[in-house]
Each structure stands twice: as structure tokens, then as C-alpha cells.
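A.B. asks: kindly generate the corresponding structure for this input.
(chains A and B)
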Number of protein chains: 2
Amino acid sequence: MTTVTPRSTRVVTLVRRPDGEPRTSDFAVEERPLPSLAEGQLLVRNLYMSVDPSMRGRLESTEKHYTHNFTPGSPLDGRALGVVEESRCASVPPGSYVRHQLGWRERAVLDAADTDGADRIDPRLAPLPTWLGLLGQTGFTAYVGLTRIATLRPGDTVFVSAAAGAVGTAAGQFARLLGADRVVGTAGGPDKCALLVKEFGYDAAADHRAEPVRDALARIAPDGIDVYFDNVGGEQLAAALHALRTGGRVALCGMMSQFGGDRRTEGRRTVDINHLIQAVLKRLTLCGFIVRDHDDLRPEFEHRVAGWLAEGRVTARETVVEGLENAAGALLSLLSGGNVGKMLVRLDD
Amino acid sequence: MTTVTPRSTRVVTLVRRPDGEPRTSDFAVEERPLPSLAEGQLLVRNLYMSVDPSMRGRLESTEKHYTHNFTPGSPLDGRALGVVEESRCASVPPGSYVRHQLGWRERAVLDAADTDGADRIDPRLAPLPTWLGLLGQTGFTAYVGLTRIATLRPGDTVFVSAAAGAVGTAAGQFARLLGADRVVGTAGGPDKCALLVKEFGYDAAADHRAEPVRDALARIAPDGIDVYFDNVGGEQLAAALHALRTGGRVALCGMMSQFGGDRRTEGRRTVDINHLIQAVLKRLTLCGFIVRDHDDLRPEFEHRVAGWLAEGRVTARETVVEGLENAAGALLSLLSGGNVGKMLVRLDD
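C.D. replies: Numbering: from 1, shown residues only, chains lettered A, B, ... in the order given. Next comes the predicted model:
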């Protein structure tokens, strides 16, 4: 028996590496052939695609990255959630919902058994977008960063930068549920700051565009902080080093500021690495991490967060852009802070 | 019975906080009164005084420090080793050799029972200067940094900056004895680099004044490093972040570069804190430490290092300056890299 699969799919390709800030013209939507299904493979129609800050680094040629860089002329990839249209794997029948790594395209052929391949999810437990957000890599990143990397302790004061982003909205809420005494964050603009306090359980939030973050922290965390969940680096990392108390811990999750992605911070001054003298004076630990090293924590994470969701104790929030042709724009919007919560692209057939 | 103690002692005082780089005229030698001995106290005549890079920060008013800052008009202090001239503590008779915190003066009255007070040493185990160097805080700092902070593992490649300094000469030798596979270091000038390889067991050394440290590391540690023992911060820290392998560890011990103490690096460019993105990509851990938090390790340290000394497996090296009136100059010399190994001032009565 021969499985008949669609002969091609629309994909987003990288036309050229960005010269400075990326533009939509650096990307294109193209038609690409799809392979026939081999034994053990699935044809998946993507429903939601994740747009992540880490994709910015993958556009570059020189930036050493923890996964492969994108290649001009080839499709991008990234986390996605789709429905199985055809299957040559008995345990994943058509109609199954799977998470996988072949986003940035409408359809994908993938191995059901791949470690990075299809990860079947139960759509009755949580809405589909949540599986890419609070219950996906994003929420898991927040969970790992707080529990294993920053070893959050009951009573801690926690500071989160890019707090209105996907990881930030998760980290603030999780920190509270994990026993933090006070949770503060920074975001770009007064609207996001208001949301952080109103919807995401932050005790206080500050607009990093409106004042130096060091001043903001002195105001919203006057007694200092114990944990800093860093999503941006730069000035905010330096400010946190000064605000951290003895024995404080920093989870280094990513550094959006290194790309000057926020147009308003372009031309930012270089922040001195020797602010790290604070780490000596106060015995701080800074630890970089990549969430996929910590998959052993995933069952615990899913169990706890699914429970919090069911009890209405956490809020999942997504910014959803429609259509493959708008996916590149969604990435650029994410890099300039145009999202609250998880940035997703929805595809309709 | 009344104990007759000398009424006064010569001390080094801070005349004014330095305006930029410190000068000898910022210090003075003055005569100051000595208190009478109370019960439990000792009169000690100092024989050797330690001169430490950390004293640089204590000259400032604003620099937050892990101990008190020096005060204009008052004597400096610091680690010293002396002989008890008079005692009102039965367990520490006259003639005993003690280490204590009241350096920068010829004589001191101190409490025998103070935690930071007199620490009796056995001059038969090692020469007096060694008790302030390889067997003192300096060697202990190297030991703690390697074993507890950087968790050195057999087979590691270790990079030490300021490798010809007191901590650096100890760290390189200890790293080898603790199982490092390759030990490389940086120092200022070709003579020091040659010494590192010839006398202190380094596999290779590079002159940080002669080439960018990133280039040097690519040459002397082409396969990367696992541990970086940081004594300087700045460009060398950034270079190490790039050279570190996945899972690498950084012991942050101090940052001489923050003061631009080395005249040749004055006007150095600010090094971007966002080099720390390397910590994310490679899951690095950076940990600041202060040796006095780790006193529980001291018996193990003294036992092992005294053994290595007895077996001739480590070399203790000191740069000794004569006389209290030259102590300030010794500090300035230290800050501009004028020493090899531990910088000490010897006092003769």
C-alpha cells in the first residue's frame, strides 16, 4: 500500500542573513517538496508555531549556538504543534496532536520515534496554544531556571527581566507558587507593567525604558533580591548584580539585549563585565542553562503546572499572529517587544 | 602585677583616599599609642605583613567591600605574622608565632581569643613567609577556588589569570597536584611567563600585554578550558568565557582590572557584560567566593599543602620588601604587577 502525501508544503525560508536588524525581506514563503512517508513516519499539519527569542541568534552565521544555525535558502525550524494527517506509525494514529521541531512550514514529515520528533499531547488537558507556552518549552524553561538553576527558596525575593514575555510571565507566576515572598519584574512600557501586577501576580513592575533599572530596583525591591531570572543581559544584569543579596543566584536564560532587538535600546552603551565584582563581594552564583539538558524534570513540571492550570492558579497568555506569511513579522515583533506572553503563529488550512 | 608594654608603635595610615591611581603620598608612617594589655591579650611584634590586591578596593569610600574600608587618618590593617613579646594569655606564651589581622604596623595589641585574632603557627613546619603565602590565606584562596568553587576534576584544563601572583602561583601548582591535565596561565611580561613554566609547573603561559588574551588562549589551550580561575576580570574573563567548554566553571576571586592598576592597561576599553551569553550557550557556572566563608576546609588544606611542601612538590615564592616605610610602595608595586608570588613586607626591629 502506498500512502499518498501532499507533494509539497509552504515553508518560511531565510533569504539572507540580516545585515544589522532583521527585516521581513530577509525571509520568504516558498513552496517546497515533501518526501513520501516512510515506515514510522507521520505527516503533520501544523496548527501553531512557536516564535522564540533564541531564533534571533540562529539567523547569524558566526553566533555559536546550542543548536544549528539557520541556512540561507533553507526553511527555518522551531517548535510547533500539529495534527497527524497520515501515519505510518501504529501508536500515533491520524488525528493525534503532536509537538515537534519542524515549525515554520504548513506541513511536515517527521519520524514518530525521534527524540526531537513527535511528542504526543492530550488536548483535553489544556488548550492547544498552552502546550507550546506555559506547558511547553517556555514554561519548562521558567520552571527549570527557578527550581534547579536558581534554587529558589521559600521567602526569596525574585526579579525577572522581560517579565511580560513568554518565559517571564511564567517565571513570575511559578516563583510565587514555589514560595517566593516577593516577585518583581521589568518590561517595556507602562501597559505591560500594569499587566504584570494585574494579571501575572507580580508585586511590582518597572518600565526599563522609563528609568535606569538600578533606580527601579532600589524602589521596587528596596531590601535587595535573592534570585535574578535573566532574559536580557546588559544593563539589567548589571543592575541585578548590585541588587542581589549575599548568596544570591542568577539564572542566565538568554540575552535579548545583545542584539539590540528593542529599537529603543539601539546604540546602547556597552555595560562593563566588571560589574561581576559584585559576585565576589556577595558570593553570587551565575549559572547559564539550556532547558533541554533537564528533561528529567519534565514529568514533575507537567504534573505541577497542569495542576495549577486546572486549579486556575496560573494564567496562560499568548499573542497569536495569523498565517504563515506573517510568521517572519511575528519574529520581528517579538524581538521589538510586541508580545505579551507566548508569541505564536496560528495556521489555518 | 602591671605589664609594661611599649607606649606606642609606628603604623601606616591612609592620609587621603586616592584620586585615581594611588600614590605613596596618600599614605604616611606615623607614631600611634598602644593600649595596655588586658587579660587575654597579647603584644605582638610583627615580622612579616601581607600585601593583598584586595586592599586596593578598601582604599575607596564607595566600593562596597566584604570587610570594612580603610579610613583616612587611621591605620591600615591586614594579615600579618608576628612574635609574641608579652602575653596575658597562658596558652600563648611569649615567643609564640601568631598570624593575625593587625598588619601595617610594627607592634599590635590583640585578643588571643578573637576569631580574627591570633592564630598560632609552628615555625618548624614551614618558613615564616610561607605561613602568609602558600600556607596562608593566599594558598587557601587558591585551594578553595579550585576544589570547592570550580570543582576541579581530574583531566580538566585549567586557566589561571594573574598566574605569577600569589594566588596564581599557588593555583597553578595545586591544580596540577589535584589532577588537572593541563594548566595554562597569563601574566604581565615574558619574564613572568617563563617563570610560570620553569618554576610553577604551568604547561604554557602567555603575556597578556603582548597579544589579545583570546588569541593567546586559542594558542595555549586550543581544545578549550574547563576551569577558569579569575583574578582580573575584564578582557581576560571575556576571553575565558569564549574558551570554556560546555559545563565549564569559573571561580571569581577578584578583579584587579577594575582598578586599571596596571598602568599599561589604563584607558582600557570597557568589556561587554554580554559576553556572558557564552554562559548560556555552554551551560557555564560562575561563582564568586570569599575565602573566609570556607574555614571548614582549612584543616584539609593545611594538611595537604604542608605535605606537598615537605615532599618538595610545591614551590613557595615570595617577593619581600623591607621596612614599614616601604609598605605603601609595596602595595603600589603589587598593583602594577611588580611581584612574583606573594608580596610581603618584612620588619626588622
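A.B. asks: let me see the ranges of the helices in the stretch 151-300 of chain A.
C.D. replies: Applying DSSP state H, counting those that start in this stretch to the stretch 151-300 of chain A gives helices spanning A:166-177, A:190-199, A:213-220, A:234-243, A:277-281, A:298-310.
A.B. asks: tilt between the third one and helix A:234-243?
C.D. replies: Spelled out, that is helix A:213-220. Angle between the axes of helix A:213-220 and helix A:234-243 is 50 degrees (criterion: axes from the mean of the first three to the mean of the last three CA atoms, to 10 degrees).
A.B. asks: for the closest residue in space to residue A:155 that isn't next to it in sequence, phi and psi?
C.D. replies: Of all residues not flanking residue A:155 in the chain, residue A:181 sits nearest, at 4.7 Å (CB to CB, 6 or more residues apart in numbering or on different chains). Every C-beta, even on glycine, is put in place using the N, C-alpha and C of the backbone. When read as degrees, to the nearest 10, the backbone of residue A:181 gives phi -80, psi -40.
A.B. asks: okay, residue A:181 and chain B: tell me how far apart.
C.D. replies: According to CB to the nearest CB, to the nearest Å, residue A:181 and chain B sit 24 Å apart.
A.B. asks: re the thing from before, tell me the most buried of the helices of the stretch 151-300 of chain A?
C.D. replies: helix A:166-177 (a mean of 28; mean count of other CB atoms under 10 Å in any protein chain shown).
A.B. asks: average model confidence for it?
C.D. replies: The average pLDDT within helix A:166-177 is 97.
A.B. asks: angle of that helix against helix A:190-199?
C.D. replies: Using the same axes, to 10 degrees: helix A:166-177 against helix A:190-199 is 30 degrees.
A.B. asks: spell out whether helix A:166-177 and chain B are in contact.
C.D. replies: No. Counting by CB under 8 Å from any CB of the partner chain, chain B has no neighbours in helix A:166-177; the shortest distance is 12.5 Å.
A.B. asks: turn the helices of the stretch 151-300 of chain A into JSON lines, columns for distance to residue A:158.
C.D. replies: Shown next, in JSON lines, are the helices of the stretch 151-300 of chain A (distance: least, CB to CB, whole Å):
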{"stretch": "helix A:166-177", "distance to residue A:158": "4"}
{"stretch": "helix A:190-199", "distance to residue A:158": "13"}
{"stretch": "helix A:213-220", "distance to residue A:158": "12"}
{"stretch": "helix A:234-243", "distance to residue A:158": "11"}
{"stretch": "helix A:277-281", "distance to residue A:158": "18"}
{"stretch": "helix A:298-310", "distance to residue A:158": "17"}
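A.B. asks: quick one: the helix or strand hosting residue A:81 to chain centroid distance?
C.D. replies: Assigning secondary structure by DSSP states H and E places residue A:81 in strand A:80-87. The chain centroid and the centroid of strand A:80-87 are separated by 22 Å under CA atoms, centre = their mean, to the nearest Å.
A.B. asks: again, but for stretch A:216-227
C.D. replies: Worked out by CA atoms, centre = their mean, stretch A:216-227 lies 25 Å from the chain centre.
A.B. asks: what does it contact?
C.D. replies: A:146, A:150, A:152-153, A:156-159, A:175, A:180, A:182, A:184, A:186, A:203-208, A:239-240, A:242-245, A:247-251 (CB atoms under 8 Å, 6 or more residues apart in numbering or on different chains).
A.B. asks: out of those, which end up buried?
C.D. replies: For those, a neighbour count by 16 or more other CB atoms under 10 Å in any protein chain shown gives the buried set as A:146, A:150, A:152, A:156-159, A:175, A:180, A:182, A:184, A:186, A:203-208, A:239-240, A:242-245, A:248-251.
A.B. asks: could you list the domains of chain A?
C.D. replies: For chain A, automatic domain parsing gives the domain ranges A:8-132+A:317-346, A:137-292.
A.B. asks: what's the burial count for whichever residue of the stretch 101-250 of chain A sits closest to chain B?
C.D. replies: Using CB to the nearest CB, the closest approach of the stretch 101-250 of chain A to chain B is made by residue A:233 at 4.6 Å. By the criterion of other CB atoms under 10 Å in any protein chain shown, residue A:233 has 26 neighbours.
A.B. asks: what backbone torsions are found at it?
C.D. replies: The phi/psi pair for residue A:233 (degrees, to the nearest 10) reads phi 70, psi -150.
A.B. asks: for it, which non-adjacent residue is spatially closest?
C.D. replies: Residue A:233 sits nearest to residue A:255 (CB to CB, 6+ apart), 3.1 Å away.
A.B. asks: any low-confidence regions in chain A?
C.D. replies: A:1-5, A:63-66, A:114-117, A:258-268, A:349 (pLDDT under 70).
A.B. asks: how about the residues of chain A near chain B?
C.D. replies: Residues of chain A lying near chain B (CB under 8 Å from any CB): A:64-66, A:233-234, A:237-238, A:252-255, A:257-258, A:270-290, A:293.
A.B. asks: if any of the residues you listed are buried, give me the ChimeraX selection for them.
C.D. replies: Restricted to buried positions by 16+ other CB under 10 Å, the ChimeraX selection for the residues of chain A next to chain B reads:
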select /A:65,66,233,234,237,238,252,253,254,255,257,258,271,272,273,274,275,276,277,278,279,280,281,282,283,284,285,286,287,288,289,290
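A.B. asks: okay, and which of the residues of chain A next to chain B map to strands?
C.D. replies: Cross-referencing the residues of chain A next to chain B against strands under DSSP state E gives A:252, A:285, A:286, A:287, A:288.
A.B. asks: out of the residues you listed, who's nearest residue B:8?
C.D. replies: When those are compared for distance to residue B:8 (CB to CB), residue A:285 wins out at 46.5 Å.
A.B. asks: quick one: the strands in the stretch 51-200 of chain A?
C.D. replies: A:80-87, A:97-100, A:107-111, A:119-121, A:157-160, A:182-187 (DSSP state E, counting those that start in this stretch).
A.B. asks: deepest in the core, which of these is it.
C.D. replies: Note that of the strands of the stretch 51-200 of chain A, strand A:157-160 is the most buried (mean count of other CB under 10 Å), with a mean of 31.
A.B. asks: pull whichever strand or helix holds residue A:327 out as CSV, backbone CA atoms only.
C.D. replies: Following DSSP H and E, the helix or strand that holds residue A:327 is helix A:327-335. Taking C-alpha atoms only, helix A:327-335 is exported to CSV below (Å, rounded to 0.1, in the frame of the first residue of the first chain):
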residue,chain,number,x,y,z
ALA,A,327,5.4,34.4,10.7
ALA,A,328,8.6,36.4,10.0
GLY,A,329,6.8,39.6,11.1
ALA,A,330,5.8,37.8,14.3
LEU,A,331,9.5,37.2,15.0
LEU,A,332,10.5,40.8,14.3
SER,A,333,7.6,41.9,16.5
LEU,A,334,8.8,39.6,19.3
LEU,A,335,12.3,41.0,19.1
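A.B. asks: I'd like to know which elements it is packed against.
C.D. replies: Under the contact criterion of 3 or more CB pairs under 8 Å, 6 or more residues apart in numbering or on different chains; DSSP states H and E, helix A:327-335 touches helix A:55-58, strand A:318-322, strand A:342-346.
A.B. asks: at 6 Å what do you get?
C.D. replies: strand A:342-346 (3 or more CB pairs under 6 Å, 6 or more residues apart in numbering or on different chains; DSSP states H and E).
A.B. asks: what does the strand it packs on contact?
C.D. replies: A:48-49, A:51, A:129, A:133, A:138, A:166, A:318-322, A:327, A:330, A:334 (CB atoms under 6 Å, 6 or more residues apart in numbering or on different chains).
A.B. asks: and with 7 Å instead?
C.D. replies: Residues outside strand A:342-346 that contact it (CB atoms under 7 Å, 6 or more residues apart in numbering or on different chains) are A:47-51, A:129, A:132-133, A:138, A:166, A:318-322, A:326-327, A:330, A:334.
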